[in-house]
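**Q** Show me how the following folds:
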Amino acid sequence: MNKTILHWSYLNFKDVPMDLFLYEDLEEVYLKENYISVIPKWLLNITTLKFIHLAGNNLYELPVDIYLLENLEFLDVSNNELKELPSTLGLLLRLQQLNVSGNQLSELPVEMSSLRNLEQLNIAKNQFQRLPLQLSECIRLNELNVSDNEALIHIPDRISNLPMLQSLIADRCSLIYLPAALSKFMNHVRIFHNTSVNYIPMVYEKFYQNFYDNRQRVTPIKIRRKGLFWVRELETNTRLLLPVGTHRIYPIPSTENRVTLYDDCLHALQSVNRHLPVYENLALHRQLPEPYMSAHINNGAIARCTTSNCSRCLYTTYYFMVVKRRGSTSKQIFTCNFCTQNCALQWLSNNNKKYYQLDWKVSDDDDDDEDDDDEDLNK
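**A** Okay, here's the model as predicted:
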C-alpha cells in the first residue's frame, strides 16, 4: 500500500477541498492555518486516514460521526473555536496523539476513558476547571499538558499517578497544591506560576529549580477550609494544604509504628481497579457504611512514600515531614510522606546533611492567618 501525504497548509482554504478523494490510500493530511470552519461528512469516509492536522482554522465543532475514522492515530485541532468535544471521540480506539489546545473547552467527555492507546494529550489554553477521573483509564498516556487553564485548581492523583506518564506540564494554572502521587517514570515536570502552591512535595525534588520561587504573577484563589486537611509550619507560620483525602498524619519520630488496615484495604481495591474502575462501581459504593469511603476510593493513592526504594502508594494516613535545604538562600518548603516510621528514619539518615526538619502542627478550621479571616490563599 502506497502511503500518501498531502501538505495543504497556509493556502487560505475556506473548505476542505474535495480533491482529497483523488488520492488513493491517503493517510496523512496537513490543512493547518487555513479558514476551514467545518469538517465535511464526506471526509469521514476516507477511512485510511491516520493523521489529520487542522490547527489554526475556524472549527467550532467536531462531527459526531468522527468515530468513522477508525484508523486515526493523530488529531490536531488546536487553536480553533471548539467549545465541546463529541462523546464519540472515545470511539477512536487507535488514537495516540490528541491536541485540542487553544480552544474554548471546559470539559472533556468521560468517554475518553476508552482511549487506551492515547499517548499524548494537550489541552492547554482552554477553560478547564477540573479533569475527569475517567482520564486515568488512558493507561498508555505518557505526555499531558494542561498549561494555561487559569481556572484549574487540582490535578486528580489518579491522573498524575498514571503508570506510564513521563511528562506533566501545568504552567500558569491555579493549582492549590501539587499532586504528591507521581508516576514512577516521570522525567519531565513544568509547574511554573502556580502562585498558590506554597510547598513542594519531595517527589518533585529532581525537577525543582530555584526560579520556581520567582512568582511574577498573582493568581487569586479562594477556597473553603472545611473538609480539607491543613497543617501549619511553625518556622515561617505558613499554612499548608495537604492532598485531598488525607485523614491523619504522624510526626517523625512517633511513639509507635502505626499501620492502618483501612489503607491496606484501599490499596487492595486499586488492584481490582485494573480490571474494573472501582470508582464507577455503584453497587460497591452503595454497600459502604460511611459516605467518606466513596471519596477515598475515588481519590485513589494521594501520595507515594518518599523513600526511593519503597515508593508505596499512600491513601489516607501517613507519616509526614516538613523540611528545608541546609545552607540554601531559598525559602522553599518541601514535604515528605512515608508509609512507615522505618522508611522515614531511613530517609532522614540518608539526607540529614542536606535537609533539616521544621516543626508543624495540624491546623483546624479556626486556625486563621492574621488579616485573613476566612479562605484567602493568596501570597
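**Q** Run through the helices of the stretch 151-300 of the chain in chain order.
**A** 157-160, 261-273, 282-287, 291-299 (DSSP state H, counting those that start in this stretch).
**Q** lowest-confidence stretch among those helices?
**A** Lowest mean pLDDT of the helices of the stretch 151-300 of the chain: helix 282-287, a mean of 76.
**Q** Give me the buried positions along that helix.
**A** Across helix 282-287, burial judged by 16 or more other C-beta atoms under 10 Å covers L284. (Each C-beta comes from the backbone N, C-alpha and C, glycine too.)
**Q** T335 is in contact with E205, isn't it?
**A** No - assessed by C-beta atoms under 8 Å, T335 is found out of contact with E205, at 10.8 Å.
**Q** Could you check which of these two has the larger neighbour count?
**A** Neighbours per residue (other C-beta atoms under 10 Å) separate T335 from E205, with T335 holding more: 26 against 15.
**Q** ok now do the more buried one, which residues does it touch?
**A** Going by C-beta atoms under 8 Å, 6 or more residues apart in numbering, T335 touches 180, 199-202, 240, 242, 320-323.
**Q** residues touching the nearest residue to Y356 once chain neighbours are set aside, list them.
**A** Excluding the flanking residues, the one nearest Y356 by C-beta to C-beta, 6 or more residues apart in numbering is R326, at 5.7 Å. Contact analysis of R326 by C-beta under 8 Å, 6+ apart lists 353-356.
**Q** hmm, 7 Å instead?
**A** 354-356 (C-beta atoms under 7 Å, 6 or more residues apart in numbering).
**Q** re the thing from before, most tightly packed of the helices of the stretch 151-300 of the chain?
**A** Each of the helices of the stretch 151-300 of the chain was scored by mean neighbour count; the highest is helix 157-160, a mean of 24, by mean count of other C-beta atoms under 10 Å.
**Q** quick one: that one to chain centroid distance?
**A** 6 Å (C-alpha atoms, centre = their mean, to the nearest Å).
**Q** Mind telling me what element N12 is part of?
**A** For N12, there is no enclosing helix or strand under DSSP states H and E.
**Q** Tell me how many other residues surround it.
**A** Neighbours of N12 (other C-beta under 10 Å): 7.
**Q** could the helices of the stretch 151-300 of the chain be laid out in a markdown table, adding distance to S363?
**A** What follows is the helices of the stretch 151-300 of the chain, written out as a markdown table (distance: least, C-beta to C-beta, whole Å):
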| stretch | distance to S363 |
| --- | --- |
| helix 157-160 | 21 |
| helix 261-273 | 22 |
| helix 282-287 | 30 |
| helix 291-299 | 20 |
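**Q** All the strands of the stretch 51-200 of the chain, in order from the start?
**A** 51-53, 74-76, 97-99, 120-122, 143-145, 167-169, 188-190, 200-201 (DSSP state E, counting those that start in this stretch).
**Q** okay, the ones you listed in TSV with mean pLDDT, distance to R304 and mean neighbour count next?
**A** As requested, those are exported to TSV (pLDDT from 0 to 100; distance: least, C-beta to C-beta, whole Å; neighbours: other C-beta atoms under 10 Å):
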stretch	mean pLDDT	distance to R304	mean neighbour count
strand 51-53	97	37	19
strand 74-76	98	32	20
strand 97-99	98	28	21
strand 120-122	98	22	20
strand 143-145	98	18	20
strand 167-169	96	14	20
strand 188-190	92	14	15
strand 200-201	94	9	21
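**Q** Can I get those in JSON lines including distance to L282?
**A** Shown next, in JSON lines, are these (distance: least, C-beta to C-beta, whole Å):
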{"stretch": "strand 51-53", "distance to L282": "37"}
{"stretch": "strand 74-76", "distance to L282": "32"}
{"stretch": "strand 97-99", "distance to L282": "29"}
{"stretch": "strand 120-122", "distance to L282": "27"}
{"stretch": "strand 143-145", "distance to L282": "28"}
{"stretch": "strand 167-169", "distance to L282": "31"}
{"stretch": "strand 188-190", "distance to L282": "35"}
{"stretch": "strand 200-201", "distance to L282": "33"}
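**Q** leaving aside the residues next to it on the chain, what's closest to the spatially most central residue of the chain?
**A** Of all residues in the chain, the one closest to the mean position by C-alpha atoms, centre = their mean is I155, 3.9 Å from it. Excluding the flanking residues, the one nearest I155 by C-beta to C-beta, 6+ apart is P179, at 5.1 Å.
**Q** send the alpha carbons of the lowest-mean-pLDDT helix or strand in the chain over as PDB?
**A** The least trusted helix or strand in the chain, going by mean pLDDT, DSSP states H and E, turns out to be helix 282-287, with a mean of 76. The C-alpha coordinates for helix 282-287 follow below in PDB (Å, rounded to 0.1, in the frame of the first residue of the first chain):
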ATOM      1  CA  LEU A 282     -22.200   2.000  42.000                       C
ATOM      2  CA  ALA A 283     -23.100  -1.400  43.700                       C
ATOM      3  CA  LEU A 284     -19.900  -1.300  45.700                       C
ATOM      4  CA  HIS A 285     -20.400   2.300  46.800                       C
ATOM      5  CA  ARG A 286     -23.900   1.600  48.000                       C
ATOM      6  CA  GLN A 287     -22.700  -1.000  50.300                       C
END
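**Q** Start the count at 4 instead of 1 going forward.
**A** Okay, using 4 as the starting number, the last item reads as helix 285-290.
**Q** Other residues contacting the strand ranked longest in the chain?
**A** The strand that spans the most residues within the chain, counting by DSSP state E, is strand 320-328. Strand 320-328 is contacted from outside by 236, 250-255, 257, 263, 266, 306, 336-342, 344, 347, 357-361, 363, using C-beta under 7 Å, 6+ apart.
**Q** Could you list the buried residues of stretch 67-82?
**A** Buried-residue list, stretch 67-82, by 16+ other C-beta under 10 Å: 69-72, 75-82.
**Q** Quick check: the farthest pair among those?
**A** The largest separation in the buried residues of stretch 67-82, counting by C-beta to C-beta, is between L71 and N82 at 24.5 Å.
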